[in-house]
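Asks: My questions are about this predicted structure, shown below with the sequence.
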Amino acid sequence: MAGELTWLSTRELAARIAAGEVSAVEAVRDHLARIDEVNGELNAVIALDAETALERAAAADAARAAGEPLGLLHGVPMTHKDSHAAAGLPTTWGSLLLRDAVAAEDCLPVARLKRAGVITTGKTNLPELGAGSHTFNPLFGTTRNPYDRSRSAGGSSGGAAAVIAAGVQGSGDGSDMGGSLRTPGSFNSIVGFRPSNGRLPNVSPNPWSWMTQSGYMAREVGDVALLMQATAGPHPAGPGSIHEGGEVFDLPEFALGAAWEPGLADLRVGFSADLGGLVEVEPEVRAVVEGAAGVLAGLGAEVGAAAIDLRDADEVFRVQRAYDFFCGFGELAEAHPGGIKDFVAENIELGRRLTAADLRDRDRARTRLAAAVHAFFADHDVMVCTSSQVLPFDAEIEYPVAVNGVAMPDYLGWMRAATLVSATGCPAVSVPGGFSAGGLPVGVQIVAAPGRDVELLRVAHAFEAATGHGRRRPNL
């Protein structure tokens, strides 16, 4: 059975390859064999290039044998989110309109992962045009949850989350506009990290856009930290880049394998499962998330009921989302009337109709929201809440239309615990928080002040080490 190497953390696998204990070819073969074992059930990997991956693995082994300098991720196999361009592989975005698109070059996250030594093997599924937190599309169909194949794997990085949870690879790349790393992190009992705006530069055709951030998922917080160290840092084509520290993301001591006792003495935690009553949360989700308060207090943190005032976040998120959809997909929609699913087309049209007054009001709301974020973090180090308002839901439906019997106003209603945080620009991470009575995963969302990414991951690791929820494997 495959998986002996694929269940290792990315840090451990990279270390074994660097030491010559395992070859890159062995790692790639085990990775491909695990895909073959589980993908029929999950429908998570939608493109593979095994031949090229094995050729690159052989070259990686030769480089190590020759004593050449090795990157942090030398020889580690990895699939990438379909929306992240990888040279020579499809970049379809799950759209029939882009079914024949093949990338000529790597996008920045993939290029930096390859520079660190990653061996690209294929691509993972996502919702049509990356829109939504349930991974299904007319081109490749629906990705299933490894913990219950009748349930959603979340989205939009749902394919990537499923392969990580299923033991195909230890970590992987994704992106997050309204929870697309955190929701699948929660649904698959893995870590989903959305960095501070600009920590991973946006060098897309609209580099001024700030709502969507690239980031990572993994079975362990330490692997997220390693991938951040390998890829974070400014880029001249990314005007929103964070520049301090050059290209170095300070690797926390726990990610280096150093002896480290997790403790959170003097940490000031503002805790509110439902963001101060702003969102509906299913009872089973709430019960698991509320248990996190005791864990944090047991680690020495000062925990009190408090949340960022997010009353302006809806306006910021919804207007910015509409604007970004119009900028990103407006021309595609114009060229192919009726070729894009309805709710994406509706958001594109909302962006098309935005007025100067709408943009002015959005900026005023964002200014008030920034002040609220500053006020909260003057008295707290982190905010803790739910990652998702619902358990992984029936994969055959598009989205939950009600939570706790309360009708959601539209598609975004059931995922506001993530979208409201996106609007702040704060770094946020979903860590495995436990399971429902029926064995479905629940994530806990931890949020820190902008720029405090490393400190946030330290808190997430302390919680992870104290609970061990992420060590539970799905039954595949």
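Replies: Ah, there it is.

Asks: Helix, strand or coil: sort out the residue nearest to residue 282 when sequence neighbours are not counted for me.
Replies: Leaving aside its sequence neighbours, residue 282 sits nearest to residue 390 (C-beta to C-beta, 6 or more residues apart in numbering; 5.2 Å). Using the backbone N, CA and C atoms, a C-beta is placed for each residue, glycine as well. What DSSP: H, G, I helix; E, B strand; the rest coil gives for residue 390 is coil.

Asks: Does residue 390 touch residue 403 like I think?
Replies: Yes - counting by C-beta atoms under 8 Å, residue 390 touches residue 403, with 6.0 Å between them.

Asks: Looking at these two, which one has more neighbours?
Replies: residue 390 (26 against 18; other C-beta atoms under 10 Å).

Asks: Touching, residue 339 and residue 96? I think so.
Replies: Yes - if you go by C-beta under 8 Å, residue 339 and residue 96 touch, sitting 7.0 Å apart.

Asks: Poorly predicted segments of the protein, please.
Replies: Within the chain, the ranges that satisfy pLDDT under 70 run 1-3, 243-262.

Asks: re earlier: residue contacts, the residue nearest to residue 282?
Replies: Applying C-beta atoms under 8 Å, 6 or more residues apart in numbering to residue 390 gives the contacts 282, 285, 400, 403, 414.

Asks: ok, now how distant is it from residue 83?
Replies: Per C-beta to C-beta, to the nearest Å, residue 390 is found 24 Å from residue 83.

Asks: picking up where we left off before, so which of the contacts of residue 390 comes closest to residue 217?
Replies: The shortest approach to residue 217 among the contacts of residue 390 belongs to residue 285, at 19.5 Å (C-beta to C-beta).

Asks: show me the contacts for the residue nearest to residue 333 when sequence neighbours are not counted.
Replies: Nearest residue to residue 333 in three dimensions, chain neighbours excluded: residue 348, at 5.0 Å (C-beta to C-beta, 6+ apart). Residue 348 makes contact with 322, 325-326, 329-330, 333, 340, according to C-beta under 8 Å, 6+ apart.

Asks: Could you rerun that using 7 Å?
Replies: Shown in contact with residue 348 (C-beta atoms under 7 Å, 6 or more residues apart in numbering): 325-326, 329-330, 333.

Asks: quick one: it from residue 87, how far?
Replies: In this view, residue 348 and residue 87 are 28 Å apart by C-beta to C-beta.

Asks: And residue 195, by the same measure?
Replies: The gap separating residue 195 from residue 87 is 24 Å, by C-beta to C-beta.

Asks: what's the closest non-adjacent residue to residue 469?
Replies: Residue 469's closest residue in space is residue 432 (C-beta to C-beta, 6+ apart), at 3.8 Å.

Asks: Give the helix, strand or coil label for that neighbour.
Replies: On the three-state scheme (three-state DSSP), residue 432 is labelled strand.

Asks: Distance check, residue 239 against residue 197.
Replies: Relative to residue 197, residue 239 is positioned 11 Å away (C-beta to C-beta).

Asks: quick one: which of those two has more around it?
Replies: Ranked by neighbour count (other C-beta under 10 Å), residue 239 and residue 197 place residue 197 first, with 21 against 14.

Asks: list the contacts for that one?
Replies: Residue 197 neighbours (C-beta under 7 Å, 6+ apart): 210, 213, 240, 425, 450.

Asks: ok, the residues you listed vs residue 232, which is closest?
Replies: Of all the contacts of residue 197, the one with the least separation from residue 232 (C-beta to C-beta) is residue 213, at 11.5 Å.

Asks: Could you check how far that closest one is from residue 427?
Replies: Distance, residue 213 to residue 427, using C-beta to C-beta: 9 Å.

Asks: Overlap in contacts, those two.
Replies: Listed as contacting both residue 213 and residue 427 by C-beta under 7 Å, 6+ apart are 194-195.

Asks: Quickly find the element holding residue 360.
Replies: Assigned by DSSP states H and E, residue 360 belongs to helix 356-379.

Asks: need the contact list for the residue nearest the centre of the chain.
Replies: The residue lying closest to the centre of the chain (C-alpha atoms, centre = their mean) is residue 181, at 2.1 Å. Residues counted as contacts of residue 181 (C-beta under 7 Å, 6+ apart) are 157, 174, 192-194, 215, 217.
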